[in-house]
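*Asks:* Sequence first, then the predicted structure:
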Amino acid sequence: MFIATLVAEGLSAGQLSDAQDRLAGVDCAPGARHWLDEGRAADLLFVSHPDAARAALEGAFSFTDVIVQPAANREKKLLIADMDSTMITVECIDELADYAGIKPQIAEVTERAMRGELDFASALDARVALLAGLDEGAIDLCLAERVRNSPGAEALVKTMRARGALTVLVSGGFTRFAVPVGARLGFERVIANVLEVGKGQLTGTVTKPIVDSATKETTLLGAAGERGLDLRETLAVGDGANDLAMIRKAGLGVAYRAKPIVAASAGARIDHGDLTALLYAQGIARADWAA
């Protein structure tokens, strides 16, 4: 059995009927449907052909996210999440570069790296080198002024953790941002790169080895093994090319408002709603979210 979860503000019963018709039209043998939260999220059960179901439903309804997955192991016991442009709304290195007056040139490299056009580690080294000499105080200023939680991030993390899941923030960004972000969102563990500082200034270097795509994948596999979890019980979410490996390995791998290469390869996409869509995807209604 499979489930298609539809999430949108103003979701209607008519759309659900239309969705069931679309599933029938591609031989998915649709069954029951029910609301998770009326007017916001609903489940449609069906018997077969999940790839055809996803193709039939994605993009069929305006501003609606669709998550198709097996009914078994729906609620996940491990969350591995990217930070920049996923759990928070900005790319920290780009915002830090603004304090150095070089945001445009660094942001261009960031964008290309996230699209998978550049080697992540080399691109990070090159960008950090340009920050050499920046006053260390710019980090805390940037954190206070510009780093904001993505909508739904706190509810997602704290609800999963309250229900017994292990929650891990794994970032190709920096510990000076990731540690406080992880703490306020409720992550149990945080892994990120270390910006090196000397005499109150950034040295332009990062401690090696760099947290990269391989690190994220290894973290997912290691945490699942530690908890004795089948990979079908895991959830990974990110937006950039360095998130692809963990997204592909996870039971539910989600591209969140992601770069095209990620959106095309992930098992699920969130393009319209916020991160609470991943609670609905697990069958967790709003009444059961952590405060």
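*Replies:* Perfect, thanks for sending it. Numbering: from 1, shown residues only.
*Asks:* In CSV, list the C-alpha atoms belonging to the longest helix seen in the chain.
*Replies:* As assigned by DSSP state H, the longest helix anywhere in the chain is helix 213-227. C-alpha atoms of helix 213-227 as CSV (Å, rounded to 0.1, in the frame of the first residue of the first chain):
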residue,chain,number,x,y,z
SER,A,213,28.4,15.5,0.7
ALA,A,214,30.3,12.3,1.8
THR,A,215,30.1,13.5,5.4
LYS,A,216,26.3,13.9,5.2
GLU,A,217,25.8,10.5,3.7
THR,A,218,28.1,8.9,6.2
THR,A,219,26.3,10.7,9.1
LEU,A,220,23.0,9.3,7.8
LEU,A,221,24.3,5.7,7.5
GLY,A,222,26.1,5.9,10.8
ALA,A,223,23.2,7.3,12.8
ALA,A,224,20.8,4.7,11.3
GLY,A,225,23.3,1.9,12.2
GLU,A,226,23.7,3.3,15.7
ARG,A,227,20.0,3.2,16.3
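*Asks:* buried stuff in it?
*Replies:* The neighbour-count check on helix 213-227 (16 or more other C-beta atoms under 10 Å) flags S213, T215, K216, E217, T218, T219, L220, L221, A223, A224 as buried. Glycine gets a C-beta too; all of them are placed from N, C-alpha and C.
*Asks:* Could you look up the SS state of E117?
*Replies:* coil (DSSP: H, G, I helix; E, B strand; the rest coil).
*Asks:* burial count for it?
*Replies:* Around E117 there are 13 other residues, counting by other C-beta atoms under 10 Å.
*Asks:* what's the pLDDT at D119?
*Replies:* Here, the pLDDT recorded for D119 equals 89.
*Asks:* and it, what does it touch?
*Replies:* Contacts for D119 (C-beta atoms under 8 Å, 6 or more residues apart in numbering) come out as A113.
*Asks:* so what's the backbone phi/psi at it?
*Replies:* Backbone geometry at D119, expressed as degrees, to the nearest 10, gives phi -60, psi 130.
*Asks:* What separation do you get for it and I210?
*Replies:* With distances taken as C-beta to C-beta, to the nearest Å, D119 is found 10 Å from I210.
*Asks:* re earlier: from the buried residues of helix 213-227, pick the one nearest G25.
*Replies:* Nearest to G25 among the buried residues of helix 213-227 is L220, at 35.8 Å by C-beta to C-beta.
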